[in-house]
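**Q** Sequence first, predicted model second:
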Amino acid sequence: MTNDLRPPLRKIALADLETEIATTRRVLERVPEEHFEWKPHAKSMSLGGLATHVATIPFYGTAVLQGQDFDVAAPLPPNPPATTRDEVLRRFDETVAAFRALLEGADDLSLREPWSLRAGERVVFTLPRVGVLRGMVVSHLVHHRGQLSVYLRLLDVPVPSIYGPTADEPWS
């Protein structure tokens, strides 16, 4: 009889998520309301739109855990840009809480099940749920948080420590 000492996949996924969630909240706390309409380029999202997107990315984690696939061609639930920092933080906290609750209840079998991203009838990819959580949720969050930190820098807003010191928060 072998004794499997590996932690459940949900614990690994939760540990990964918790670090990124705490860092993301620190960045969102810095978003200045007076610049919500600001864009660094005509093709860029507004600061408020990007902050709202970052705040609601955990929604995709709930979609991954609740279904077998997600169709990017289907209408999404309404997600109008937030108008205040408090609203951004509230949406973030709500989407994180819903995602975290589902992930805490997930078992290894369900996290290993295949999940597909579709664009109508076309399957874009199929991966185990746990891989999709890392790639489509956590990495997606990190990507857009990086964009948001650049917006903060361009607006001369102090950038918090993310993976190490910043010019505004050096290690002492």
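**A** Yep, that arrived.
**Q** Next, work out how far apart the residue nearest the centre of the chain and L76 are.
**A** Among the residues of the chain, the one closest to the centroid is L141, at 3.3 Å (C-alpha atoms, centre = their mean). Distance of L141 to L76, given as C-beta to C-beta, to the nearest Å: 17 Å. In this view, the C-beta of every residue, glycine as well, is placed from N, C-alpha and C.
**Q** Q66 now?
**A** Taken as C-beta to C-beta, the span from Q66 to L76 is 15 Å.
**Q** Could you do E87 as well?
**A** Distance from E87 to L76, by C-beta to C-beta: 18 Å.
**Q** what do you get for V142?
**A** 21 Å.
**Q** So these two - more neighbours on which side?
**A** V142 (16 against 11; other C-beta atoms under 10 Å).
**Q** I'd say the more buried one and E20 touch.
**A** Yes - assessed by C-beta atoms under 8 Å, V142 is found in contact with E20 at 6.1 Å.
**Q** you'd agree V130 is in a helix?
**A** Yes - counting by DSSP: H, G, I helix; E, B strand; the rest coil, V130 falls inside a helix.
**Q** burial of it, as a residue count?
**A** 22.
**Q** go on, I21?
**A** Neighbour tally, I21, other C-beta under 10 Å: 19.
**Q** who's in contact with the residue nearest to the centre of the chain?
**A** L141 sits next to E20, T24, V54, I57, P58 when contact means C-beta atoms under 8 Å, 6 or more residues apart in numbering.
**Q** who touches the third one in this structure?
**A** So that's V54. T24, V27, L28, F92, L141, H144, R145, L148.
**Q** mind running it again at 10 Å?
**A** 24-25, 27-28, 31, 88, 91-92, 140-148 (C-beta atoms under 10 Å, 6 or more residues apart in numbering).
**Q** host element of it?
**A** Remark: V54 resides in helix 47-56, with elements defined by DSSP states H and E.
**Q** Quick check: next helix or strand after that helix?
**A** With DSSP H and E, the next secondary element past helix 47-56 is helix 58-66.
**Q** Could you list every helix and strand that that following helix packs against?
**A** helix 9-28, strand 69-71, helix 85-104, helix 108-112, strand 114-119, helix 129-132, helix 139-154 (3 or more C-beta pairs under 10 Å, 6 or more residues apart in numbering; DSSP states H and E).
**Q** quick one: the third one to chain centroid distance?
**A** Its chain's C-alpha centre lies 10 Å from the corresponding centre of helix 85-104 when counted by C-alpha atoms, centre = their mean, to the nearest Å.
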